[in-house]
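>>> Just a sequence and a predicted model for now, questions to come.
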Amino acid sequence: MRTKKFYISLFALLISLSTIQAEAKMTKEAHALYQQACSYEYKNDYKTAISFIQKALAINGDDAMLYTKIAGLYSDIGNYEDALGAYKKAIKLRPNDAFIYISIGNILQTMGDYDNAYNSFTQAQQIYPEYKYNYLNLANIEYFRRNYKNAIENYNAFLSAYPEHQEASENLANVYYASNEPEKACELYSTVYKKYPSAFKDFANYGMALYDTKQFQAAAEMLQKAVDDNPEDEAILAKLALSYQNINENEKSLEYFQKVFDLNPKLVALKFDYANLLGNMDKNTEAIEQYKEYLTAFPDDADAYRNLGLVYKKIDNNDLALFNFEKSYSKDSSNVETKKELALCYHKKLDYVNALKYYDFALKSEPDNFELLANKALTLHAMDNYVAAIEIYKELLDKQPNERLAQNLTSASIAYGYSLYEKQDYGQAILYFQDAIDLNDKEASAFFGYALANDKMGCTEIALANYEKAVSLAPSNVEYNVALKDFRSAHKTVTKPEAQIKESVPQVNEQAITYDSLIKQGDEAYKQQKYDDAIDFYTKAVVFVPDDKVTMLKIANLYKLLGNNAKAVSFYDKILTIDACNVDAHFNKGLIFASQKNFDESIKCFEKVISLSPNYPYAYYSLGLAYEQKGEIEKAIEYYYLYSGIETDEKMLNLVNSKIKQLEE
C-alpha cells in the first residue's frame, strides 16, 4: 500500500487550513518568524525552520498554528516524538480541530502504533464527519490492523465520494485479496488496470489473486511484470514458476524455480511442486532427489510419496514404486488413486491376492470405473476364478465393445471349459466352449475342447467335425493332429464337411446316452431332490437340442433354487435369446433381482411380463412388493389393486387386501 505521498500533501493542506484560522491570534513579530520558517522549509532546511518556529513560540506560546507547523517540521525530519508532543499542545488549544487528529493519526500510523492511530482518525471522524478523505485514513489503518471487514466498508465509503481514486481502488483490491476473496480482488484489479495501465503497480497482488482463481495464463502475465520490478522477490518468483507449470510452459517454470532456489535454497516446501515439474519433464533422477529432500522435511505428506512412486513406476522400478505407494497409503488410506496404483503394482508383481484387495478398495469409491473392473477381471482370471472373471467381462462388454476384453472373455471361457472337462463335467464344459466359439470362431483351442467334451458324451459326428476344425485352424499343432488321427482310428469314420460343424445332428453309438434318457434321468433326480444331478443330466441333454428352452428353464430354476443366481440368470438370458417373449424367464429373472434388492431391474422384468401377458397375476403382485420395498407406497398400492382385480385365490386376495389397508392407513 502506497500512502506516503498522500500524507505529505495532506500535511500541506492542514497547515494552510490552520494558517487561515490562526492569522488573527498570531503577533506581528511571531508571524514574521513564521514566514522566515516557511522560507527555510521551502529550501528543505528543516532545522533552521524549526529554530524560527521555536523563537515564534517563545513570543506567542498560545498559538495552535505554530505548534502544528513545528509538529509538521519535526515529522519531516523523522522526529516523531517531538512532532506528537507539539500536536498534543495544539490540540489543547484547539480541541475540535479534526485535522490535528488526522495529523496525529498519520504519525502514529507511520510509527506502527495502529490502535492509537485508529483512535485519532475516529476522533476526527466524530468532529468532522463531512470530511470524506478521512474514510481513506480509517480504511488504511483497518487494513493494517487486519480488520478487513471495516477496511472494506471505509474504502467503499471513500470511493463513493471519489470513485476515480486509483490508490484507494487498488488498496480495496488488496483488502479483498487479503481477506480471501480473490474473485472480488481480481474484478477490481482488472477495472483499475484497464483505467490506469501506465500507473498501475500492484502486479504482484493482482497476479497472486489470478493464480488463486486458477487464471494461470493471466497470472503469469501479471507476475512477469511484478518480477521485472522486483527480480529478487522469492514469493513472486515462486508463484510465477507455479503459474507457468500450470499452463505447461515447463521450460519457463523450470527457469523461475531455479531462480527461487538460487536466492533461497532452504525453501523446502516448494520442492514438492518443483519435483512434480521435473517428473513431468522426464528429469526423473532430479525429481527423485527433490521428492526425497521434501519428504525429509515433510515425512507425512501422502501425495509426495505417491508422486515419488509414480516416478519410480515410470522408470520401471516396480519395487520402489510399490514401497512409496504403500507409504502413501499408510499416511492417507482414503486416496483412490493410491489404491489404483497399489493394485497395478501388485498385479505387475503377480501378487494377485493383494492386487485384488486394492482393486476392491478402489472400486468402493468408483464402482463403475471401466478400467478398474477390467483389471479386476484380469486378476480373477489369473487366479483361475473363471466364473467371476467371465461375469465381469460380460458386464463390461454389455456396456461398450472392447476387443481386448472380448479376447479375455474368450480365453476365460476356454480355460473354464477345460477345467470343467478335467472334472468330467462335460455338459457344462460344452456350454463354455460354445460361448468361446460364438465369440471367436477362429480360436482352435475352443473347437478342440468342444470336440473333446462331445467325444466323451458320445456325440461322434459333432466331435469329429470339431476335431477337424481345430486342425484346420492350427495345422501344425501336434496334439490336435494326434487326437484327430486317434479318433478316426477308433471310430473308423470319414471327415465331415466343415459346413456341418455344430449343425450336425448327433448320431451316437450304441453306448451313447440319448436325449430322452437324459431328460428322464434328470426328471427322476429332480423328484428325489438330487438337484445337482438333475442339472447335470439336463445340461447334457441340451447339448443334443440346443434350442430346448423348456429344459433350459428347468436348469435355470434349479440354479435359482440352489441360490446360484448368476448361473440362473445366465440360463434365463439364454432362453430369452431363443425366445424373447418367454414370460417365465422374464418373471423368474425379476424374482432373482428382487431377492438381491435390485428393485429397479426387477421392476423392468415384471413390467415386461405384463406387457407380454396382461393377465399374469403374480407379476402385478411382485411389482407391488418391489415398489413397497422401494418406499414408493402409492405405486405399490396401485399394483396391489390391479392384482386383486385378476386374482381368484381367496387366501391371496385376503392377504393383498390386508396389505392395501395397512399401506393406506
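Received the coordinates, thanks. Given the structure is predicted, the values throughout are model-derived calculations rather than measurements.
>>> what's the helix or strand hosting E524 packed up against?
Assessed by DSSP states H and E, E524 sits inside helix 515-527. When contacts are defined as 3 or more CB pairs under 8 Å, 6 or more residues apart in numbering; DSSP states H and E, helix 515-527 packs onto helix 531-544, helix 549-561. C-beta here means a position set from N, CA and C on the backbone, and glycine is covered the same way.
>>> In a markdown table, list those along with mean pLDDT.
As requested, these are exported to a markdown table (pLDDT from 0 to 100):
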| stretch | mean pLDDT |
| --- | --- |
| helix 531-544 | 86 |
| helix 549-561 | 87 |
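>>> A235 is nearest to which of these?
helix 549-561 (68.6 Å; CB to CB).
>>> Q521: neighbouring residues, count only.
18 (other CB atoms under 10 Å).
>>> End to end on stretch 153-167, go ahead and measure it.
Terminal residues of stretch 153-167 are spaced 16 Å apart (CA to CA, to the nearest Å).
>>> so which helix or strand takes in V471?
Element membership for V471 (DSSP H and E) is helix 460-473.
>>> What residues of the helix or strand just after that helix count as buried?
The element immediately downstream of helix 460-473 (helix or strand, assigned by DSSP H and E) is helix 478-491. By neighbour count on 16 or more other CB atoms under 10 Å, the buried set for helix 478-491 is 480, 483-484, 487.
>>> Likewise for stretch 85-101?
For stretch 85-101, by 16+ other CB under 10 Å, it's 86-87, 89-91, 93-94, 97-101.
>>> Show me the helices in the stretch 351-500 of the chain, by range?
For the stretch 351-500 of the chain, the helices defined by DSSP state H, counting those that start in this stretch occupy 352-365, 370-382, 386-399, 403-422, 426-439, 444-456, 460-473, 478-491.
>>> Select, out of those, the one closest to D547.
helix 426-439 (12.7 Å).
>>> next one: the closest one to chain centre, how far?
42 Å (CA atoms, centre = their mean, to the nearest Å).
>>> I'd like the buried residues of stretch 85-101 laid out as TSV, including distance to D282 and secondary structure.
Output for the buried residues of stretch 85-101, formatted as TSV (distance: CB to CB, whole Å; DSSP: H, G, I helix; E, B strand; the rest coil):
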residue	distance to D282	secondary structure
A86	69	helix
Y87	66	helix
K89	73	helix
A90	71	helix
I91	70	helix
L93	76	helix
R94	74	coil
D97	71	coil
A98	67	helix
F99	66	helix
I100	68	helix
Y101	65	helix
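>>> Specify the residue ranges that define each domain of this structure.
As recorded under automatic domain parsing, the domains making up the chain are 4-228, 244-398, 407-512, 581-664.
>>> pLDDT on the first one, on average?
I take that to be domain 4-228. For domain 4-228, the mean pLDDT works out to 88.
>>> With the second one instead?
The pLDDT scores in domain 244-398 average 94.
>>> How far away from the center of its chain is that domain?
15 Å.
>>> Equivalent analysis for the last one, please.
What separates the centre of domain 581-664 from the centre of its chain is 40 Å, taken as CA atoms, centre = their mean.
>>> pLDDT averaged over it - what is it?
87.
>>> Following the chain past the host helix or strand of M222, name the next helix or strand.
In the assignment (DSSP H and E), M222 maps to helix 216-229. Sequence-wise, the next helix or strand downstream of helix 216-229 (DSSP H and E) is helix 234-246.
>>> Leaving out sequence neighbours, find the closest residue to D533.
Nearest residue to D533, sequence neighbours excluded (CB to CB, 6 or more residues apart in numbering): A525, at 4.0 Å.
>>> can you pull the contacts of the one you found?
By CB atoms under 8 Å, 6 or more residues apart in numbering, the residues touching A525 are 531, 533-534, 537.
>>> Return the member of those nearest to N150.
Proximity of the contacts of A525 to N150 (CB to CB) peaks at Y531, which lies at 81.5 Å.
>>> In contact with that closest one: list those residues for me.
Counting by CB under 8 Å, 6+ apart, Y531 has contacts 525, 558, 561-562.
>>> can you tell me how far it sits from T460?
Per CB to CB, to the nearest Å, Y531 is found 30 Å from T460.
>>> Roughly how far does F99 sit from Y143?
Relative to Y143, and taking CB to CB, F99 is found at 22 Å.
>>> what does L320 give?
L320 is 50 Å from Y143, by CB to CB.
>>> now swap in N335 and tell me
40 Å.
>>> These two: which has the busier surroundings?
Using other CB under 10 Å as the criterion, N335 and Y143 rank with Y143 on top: 24 against 17.
>>> Surely that one is in contact with A151?
Yes: if you go by CB atoms under 8 Å, Y143 and A151 touch, sitting 4.4 Å apart.
>>> Quickly list what's touching both of those two.
Residues touching both Y143 and A151 (CB under 8 Å, 6+ apart): V175.
>>> and the helix or strand where L310 lies, what does it pack onto?
Here L310 sits within helix 302-314, counting by DSSP H and E. Judged by 3+ CB pairs under 8 Å, 6+ apart, helix 302-314 is in contact with helix 271-280, helix 284-297, helix 318-331, helix 336-348.
>>> Return the set of buried residues in it.
For helix 302-314, burial by neighbour count (16+ other CB under 10 Å) applies to 302-313.
>>> what do you get for stretch 581-599?
If you call a residue buried by 16+ other CB under 10 Å, then stretch 581-599 has these buried ones: 582-594, 599.
>>> Now do the helix holding E524, average pLDDT.
Averaged across helix 515-527, pLDDT comes to 84.
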